[in-house]
Structure formats: structure tokens, C-alpha cells
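Trainee: what follows is a predicted protein model with its sequence.
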Number of protein chains: 2
Amino acid sequence: MAATIRDVARASGVHVSTVSRTFSAPHLVNAETRNRVLAVAEDLGYRPNRAARALTTGRTHNIGLIVADISNPFFPPLIKAAQAHARTRDYHVFVADTDEDPQVEEELIQTLTKQVDGVLLCSPRLSNRVIERLHADVPFVVVNRRIKGMPTILMDVAQGARLAIEHLTGLGHRRLALAAGPSGSWTSGQMREAASAAAAASGAELVILGPNAPTEQGGLAVAAEVVASGATGVLTYNDLVAIGLIEGLYERGVRVPDDVSVVGVDDTLSGRLNRPKLTTVAMPTSAAGRIAVDLLLQSVGDGRTSTLTTLETRLVVRESTGEARS
Amino acid sequence: MAATIRDVARASGVHVSTVSRTFSAPHLVNAETRNRVLAVAEDLGYRPNRAARALTTGRTHNIGLIVADISNPFFPPLIKAAQAHARTRDYHVFVADTDEDPQVEEELIQTLTKQVDGVLLCSPRLSNRVIERLHADVPFVVVNRRIKGMPTILMDVAQGARLAIEHLTGLGHRRLALAAGPSGSWTSGQMREAASAAAAASGAELVILGPNAPTEQGGLAVAAEVVASGATGVLTYNDLVAIGLIEGLYERGVRVPDDVSVVGVDDTLSGRLNRPKLTTVAMPTSAAGRIAVDLLLQSVGDGRTSTLTTLETRLVVRESTGEARS
DNA sequence: TCGCGAGCTGCAACCGGTTGCATGAAACAT
DNA sequence: ATGTTTCATGCAACCGGTTGCAGCTCGCGA
């Protein structure tokens, strides 16, 4: 149906190899010939078949991007940034959603392997062991998880957690809670450690509640425990959990920030939440998307590189936190 | 690096064609041979290269999914449903985001064309003419837009708009506004017509405000016009616009629903918005994703089919609408 | 005038699979 | 014992490109 390189060759009276070179190594072909070939190609609507090209070059010019849950608003900015950035490098990004299921995650990686030059693993739920095994087949860049020997991009969630806890203790809260994330989440572990340390340093108490689903449901479900814990300041795994939690607290007649202060993480809903607007730790997701693509293409190019990039986070104070009532 | 079909053939003492058949037409090969080949393949970690297969079969077993903006919460459920459903058919979904830019949309379709068997066009911003031209190269299924001769899935936004307007007039509102969508949006045109008709039928006034960006920014920006219009009931292009609008109204001291009632469309934020919870028209996005994949695979299989599927919408009344103050 | 290098182009093998056709052996009917 | 199927496998061409190598032409210096 569509025109192939041989059609173009025939129509312009040259050998296929000349047509091939016209597109992939233009400087090797005479300007006159090149223009003729280009004209014919244009005329026939010829476009090189990337899959066929990949067969010989070993470069698909595609990269895979795997996320746990595309409906988590944390990911879209990262995805958008990665796509836009990859496009400037003549690469395409294929996004796949694992539904937070490690099994599906592994399958997806397996199938993607042959169709992409590298994979961006965002907040993977697989064990390090499995990831290392799969790494033999295809270059990875890992976002939000520390794995030795792989290019890694971390958002400094420990710093974020510290900022959040200090913000809460600074407001006078002495009894704090952390609504942790899912058990497979490396980030959640980091938050937990940093929050514990920061709380201890300020002489505040911290109870860990969880694991919780990283969703509004998870937040809604943990509300009862928060109330029972007697905490007046809560740090949540992410904004969705915070939203769900606030909702759950309201349902129990607990008001935010009057009775309990809540801090989210991600800053994904800036304008979205009406009352109260969420105090949260902002994550540099777009930057992470761009950098991830660069790292990946780099490691696709010159073999394994193992870099650790850590991006800073930032506390955004809005309306969901307030002074502790004495 | 990775094992190829020839490695497996050599190691198991059969011809490559036998190995090939073991995977793509198992019934043609003797059970004993098959098991031996499978064992060797397993041993070598062989997995058929889908790109190479695509070269001869013309089937990539991939489908493309193009959305205007992946951060619009309308899309993720659709994407998830499409991916999950496609996986059961041994297909993969590659998602691409156009940033609401028709130019980018066209480029993406062009590049995807050769790498997928068909493309799901969700809420396209391109003109019908361009879409029809591109359709020559690759099968399409179009969601949320009516294009003659292409398989189409529509959510009955006209019905939704009618329900919403009737809900508002039923509450006693006589002066209504529609915060329309972007100019390229077919859906927005449908809403406009249906809303006008429904308003006229109820003897209410309706002013059309827009076009607006289909985002919270768009809603925020249109708030002034809403206030100026004197409308007490507003239907918005989607939930994001509604959220932005409510925010903008609050900033101007106008309360929802006390002073102005707001109805969104999409039902994307159900639990998310705290006060007031959004009254909205629910869209069957997951169903659309599943059906879209089916239609596409079907039209990939037996050539062009042109079906029109219309899915019902549903009004979900929450807290952002209330009785008109007399 | 000859030799040589530079610049272009063609040849053909190859990437990793698929598939129509031919071959051969075993099973069956006559 | 012979002819006919059926089943399993091998052969080789093909999909749409890329690329190392060889050959040709031309210009230039000696």
C-alpha cells in the first residue's frame, strides 16, 4: 500500500541504497541526485519505515515509560515533559500503565523490551532483584527509586518530609502522624525515615499509619486511624491521600486546618482543591521527565552509565495547615 | 545479544521455520518437536521480535492512542481501560499527548502510522479534512467527534447538556450561561446546540461564553464574564473548567451554590473536590476505551467498518447546584 | 600521458522473523 | 503391492530498510 524505498528507487532511477543514504546519510549522495530522490519521495508520500530500520540499526527511536497509575496526577506532567523532550531528539515515548501491579509491570517491560531502546521506570513496584534481572535486556532509567548501578533520578522526598514536619512542629503541633504509601514504594520508606528523624529532632511524637493505597480511597480509609491516633498534624504519602484524608476527616466532623493540619506531597492539584487549599511539598516532576529522557538516551548511546540525580523539593504552604490550638 | 530464532533453531536441531511455526502456528508442528523447541527457547530466554514479525505480517500488534492532554483527568480512565482491554487481545497501546496542538497531533499520527495497526483518536483537534486524509494511511477510531465514514464513539454530550440545563431550570434558574470549550472541539459545538435548545424549551435565557481553554485556567478566566452575565446557573465544558470557575467566583465573593449554581461535565473528580462537591454529567470513559479498542481491532481485521456507537451520560447531583433564590 | 585519490553509486548480504511450496515418511485405502 | 492422503519439516524468497565493499568517473599533479 504505502510507498517503500524500492518504489522510490524505481521511480527515480537509482538503486535502493542511494535512496536509503539520501535519508540516513545525505552527505554521501550527490546534491542533484539527492534532490531528485527527495522530490520523488515527497511525490509518492514515502516515509521510511521505522520498524524496518530498527531491524538493522538496532535503534527503534522509541522509549518506553512505565508508570504505576496514569490517573495519579503526579505522572502526567512527567509524561508530558518526557514526551515533549524526547520529540526534540527524534524519539517517541510509549506510555504504559501497570495498575500498581508488579506482575503486569514485569510483563509490560518484557514486551516493550524489543520495541524500545530504553525504558523509563517511574516509581516501580517491582523488587530490585527483578529489575536488575530485566536490566540485562534493555537500558533503564529509574525515577523515584534508588537501585545500584542504574541511572537514577530521585526527588528529594526526605528533604520534603523534613520540611513538612518542621512546618508542622513550627506551628506547634507535638503529636504527628504519617499516612504512608503502599508497601512496594521506595519513596514511602524514605519519607518514613526522614519524617521520624525530623520529628525526633523537634521532640515531637510521630505515629506511622499504613501502608495505604496511594489514592483518595487510601486517604479516606486512613482517616479513622488518624482520628484515633490523636495526631493534630498529618503528613501524607501524596496529594491524593491528603484529599481523601481531608474528606474523611470532614465526614467525622474534624475540620482542617482548625482541628487537624494536613500536608500533602506532589503539588498536583494547586488550583483544583477549593476549601481548604492544600499545603504540600512540590515535586519537580517535569524536570524529572526531561532529565530522565536525557539520561536514557545517553545510556543508550554510550553503554551503561550510572548517574544519580537528586532534585530538590519545595514546601508550598496554603490553607490546610494552621497553628496548633494550645 | 538476545537470542534470535536462528539461535533457537540451531540449539534444537530444527529449521528456523519450524521454530517460527512453534510460536505462530503451533498446531502445524509435532507435539514432541514443539516441546523440545519450547524448552530450548525458554532456556535461551528467546522472545519473538515483534518488530521483525511486523515486517512480514504487516501487523505490529500495537495501537496508538492520541489524546489532547493527558493531564486532563478525563483521559486516564479511558486510557487505562483501553490498555487493559487491548492487553487481553495481545495488543499494546502507545499513548501520545498532543498538548492540544493540531500541528503536533498531525505529526504524531504520521510517525505512529508505521508502528501501529490503528489509531484511537480521542477528542481530536484536527480538521475533518486532515483526519480524512491521514485516514488513508492507517485505520482510525474516533472518540468524541463525528466524522463520516469512520468508526466513531460518541458520548451523548447533547443528552448530558440537556439533563444539566433541565436540572438548573428545574431549580428555578432562568438566566443561564454555558462556559464553552476550545474552538476545535466538536463536543463543545454539540453542547452548545443542545444547551440552547433545552434552555429555549424551558423558556430560560442562555448566554454562551467562550471559547475557553479546557482547563482550570480557562474556568478561572471566564469567571468575570459569568459574573457580568448575571447568570445564576452555569454549565461548563468540563470538570476542570467548573473547578476553575468556582475558584474564580469565590475570589469575587460569589458563593457556590448559594449565589451561582455550577454543573461540570465528565465526573472526573468525584471524591476529590471538597467543598462544594461538584454536580456534574458523568461520562462513560472506561466503556469508551474498551469499545474503542474493539472497534479498532475489528476494523484492522476486516477492513473498513464504519459504526457509530453512542454511549449514554448521566447527571450526578452533588453540592454545587441549588435552588434559585427568588 | 599516466597514476592516484576523491566522490558517487551499485551490489549484495544482512537484520529477525513469516510463509507458500516441495519433499519425504508414515498411514491408509484398494 | 501400489496409489493416495496426511502430517511434519525443510527450503528459499520475502518484508523494508542499512551498510561494507567494490567499481566507476573525473580532476588533478607529476
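Mentor: Yep, that arrived. Because the structure is predicted, anything quoted here is derived from the model rather than measured. Residues are numbered from 1 along each chain as shown, chains lettered A, B, ... in the order given.
Trainee: give me the number of residues near the residue of the stretch 101-250 of chain A found nearest chain B?
Mentor: Nearest to chain B in the stretch 101-250 of chain A, going by CB to the nearest CB, is A:Glu216, at a distance of 4.6 Å. All C-beta spots, glycine's among them, are computed from the backbone N, C-alpha and C. For A:Glu216, the count of nearby residues is 22 (other CB atoms under 10 Å in any protein chain shown).
Trainee: can you tell me which residues contact the spatially closest residue to it that is not a sequence neighbour?
Mentor: Among residues not flanking A:Glu216 along the chain, A:Gly244 sits closest, at 3.6 Å (CB to CB, 6 or more residues apart in numbering or on different chains). By CB atoms under 8 Å, 6 or more residues apart in numbering or on different chains, the residues touching A:Gly244 are A:Thr215, A:Glu216, A:Gln217, A:Gly218, A:Gly219, A:Leu220, A:Ala221, A:Val222, A:Ala223, B:Gly271.
Trainee: which residues touch the residue of the stretch 151-300 of chain A found nearest DNA strand C?
Mentor: Here the stretch 151-300 of chain A gets closest to DNA strand C at one residue, A:Val300, 16.6 Å apart by CB to the nearest atom of the strand. Contacts for A:Val300 (CB under 8 Å, 6+ apart) come out as A:Arg59, A:Asp117, A:Gly118, A:Pro139.
Trainee: okay if I get those as a markdown table plus pLDDT?
Mentor: Output for these, formatted as a markdown table (pLDDT from 0 to 100):
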| residue | pLDDT |
| --- | --- |
| A:Arg59 | 90 |
| A:Asp117 | 93 |
| A:Gly118 | 93 |
| A:Pro139 | 91 |
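Trainee: top of those by neighbour count?
Mentor: Greatest neighbour count in those, by other CB under 10 Å, goes to A:Gly118: 26 neighbours.
Trainee: so who does that one touch?
Mentor: By CB under 8 Å, 6+ apart, the contact set of A:Gly118 is A:Ile63, A:Gly64, A:Val138, A:Pro139, A:Phe140, A:Val141, A:Leu296, A:Leu297, A:Ser299, A:Val300.
Trainee: at 10 Å instead, please
Mentor: Going by CB atoms under 10 Å, 6 or more residues apart in numbering or on different chains, A:Gly118 touches A:60, A:62-65, A:91, A:112, A:138-141, A:151, A:292-293, A:295-301.
Trainee: from those residues, which land in strands?
Mentor: With strands taken from DSSP state E, the overlap with the contacts of A:Gly118 comprises A:Asn62, A:Ile63, A:Gly64, A:Leu65, A:Phe140, A:Val141.
Trainee: ok, so of those, who is nearest B:Glu32?
Mentor: Nearest to B:Glu32 among the ones in strands among the contacts of A:Gly118, counting by CB to CB, is A:Gly64 at 37.4 Å.
Trainee: so what's the residue count around that closest one?
Mentor: Using other CB under 10 Å, A:Gly64 has 27 other residues around it.
Trainee: that one pairs with what?
Mentor: Bridge pairing for A:Gly64 (DSSP bridges) gives the partners A:Phe94, A:Val119.
Trainee: list the contacts of it.
Mentor: Residues near A:Gly64 by CB under 10 Å, 6+ apart: A:92-96, A:108-109, A:111-113, A:115-121, A:138, A:140, A:296, B:92, B:94.
Trainee: at 8 Å what do you get?
Mentor: Applying CB under 8 Å, 6+ apart, we find A:Gly64 in contact with A:Val93, A:Phe94, A:Ala96, A:Leu108, A:Ile109, A:Leu112, A:Gln115, A:Val116, A:Gly118, A:Val119, A:Leu120.
Trainee: export the residues you listed as JSON lines, with columns for distance to DNA strand D.
Mentor: Below are these laid out as JSON lines (distance: CB to the nearest atom of the strand, whole Å):
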{"residue": "A:Val93", "distance to DNA strand D": "21"}
{"residue": "A:Phe94", "distance to DNA strand D": "20"}
{"residue": "A:Ala96", "distance to DNA strand D": "26"}
{"residue": "A:Leu108", "distance to DNA strand D": "26"}
{"residue": "A:Ile109", "distance to DNA strand D": "25"}
{"residue": "A:Leu112", "distance to DNA strand D": "20"}
{"residue": "A:Gln115", "distance to DNA strand D": "15"}
{"residue": "A:Val116", "distance to DNA strand D": "18"}
{"residue": "A:Gly118", "distance to DNA strand D": "18"}
{"residue": "A:Val119", "distance to DNA strand D": "23"}
{"residue": "A:Leu120", "distance to DNA strand D": "25"}
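Trainee: now, which of those sits nearest B:Asp267?
Mentor: Nearest to B:Asp267 out of these is A:Ala96 (CB to CB; 25.3 Å).
Trainee: settle this for me: the closest one is touching B:Gln83, isn't it.
Mentor: Yes - using CB atoms under 8 Å, A:Ala96 is in contact with B:Gln83, at 6.8 Å.
Trainee: identify the contacts common to the two.
Mentor: By CB under 8 Å, 6+ apart, A:Ala96 and B:Gln83 have these common neighbours: B:His92, B:Val93.
Trainee: buried set for stretch A:160-180?
Mentor: A:160-169, A:171, A:173, A:175-180 (16 or more other CB atoms under 10 Å in any protein chain shown).
Trainee: overlap between the residues you listed and the residues near DNA strand C?
Mentor: Counting by CB under 7 Å from any atom of the strand, nothing from those sits close to DNA strand C.
Trainee: which of those residues fall in strands?
Mentor: Cross-referencing the buried residues of stretch A:160-180 against strands under DSSP E gives A:Arg175, A:Leu176, A:Ala177, A:Leu178, A:Ala179.
Trainee: tell me the pLDDT at the residue nearest the centre of chain A?
Mentor: Taking CA atoms, centre = their mean as the criterion, A:Cys122 is the residue nearest the geometric centre of chain A, at 4.2 Å. According to the prediction, A:Cys122 has pLDDT 94.
Trainee: so which bits of the stretch 51-200 of chain A are right by DNA strand C?
Mentor: By CB under 7 Å from any atom of the strand, the part of the stretch 51-200 of chain A that sits against DNA strand C consists of A:Ala52, A:Leu55, A:Thr56.
Trainee: give the buried residues for whatever helix or strand the first one lives in.
Mentor: Counting by DSSP states H and E, the element that carries A:Ala52 is helix A:50-57. Within helix A:50-57, the residues that qualify as buried by neighbour count (16+ other CB under 10 Å) are A:Arg50, A:Ala51, A:Ala52, A:Arg53, A:Ala54.
Trainee: could you check how many residues crowd around the residue lying closest to A:His92 once chain neighbours are set aside?
Mentor: In this structure, A:His92 finds its nearest non-sequential neighbour in A:Asn62, 4.9 Å apart by CB to CB, 6+ apart. With neighbours defined by other CB under 10 Å, the count for A:Asn62 comes to 22.
Trainee: for A:Ile147, same thing?
Mentor: A:Ile147, neighbours per other CB under 10 Å, totals 17.
Trainee: okay, it and DNA strand D: tell me how far apart.
Mentor: Distance of A:Ile147 to DNA strand D, given as CB to the nearest atom of the strand, to the nearest Å: 32 Å.
Trainee: for that residue, which non-adjacent residue is spatially closest?
Mentor: A:Asn128 (5.5 Å).
Trainee: correct me if wrong: the one you found contacts A:Arg146.
Mentor: No - the pair A:Asn128 and A:Arg146 does not pass the contact test of CB under 8 Å, sitting 9.1 Å apart.
Trainee: can you give the domain ranges for chain A?
Mentor: Taking automatic domain parsing as the criterion, chain A consists of the domains A:5-48, A:60-155+A:285-310, A:157-283.
Trainee: with respect to these, which exhibits the lowest mean confidence?
Mentor: Minimum mean pLDDT among the domains of chain A: domain A:60-155+A:285-310, a mean of 90.
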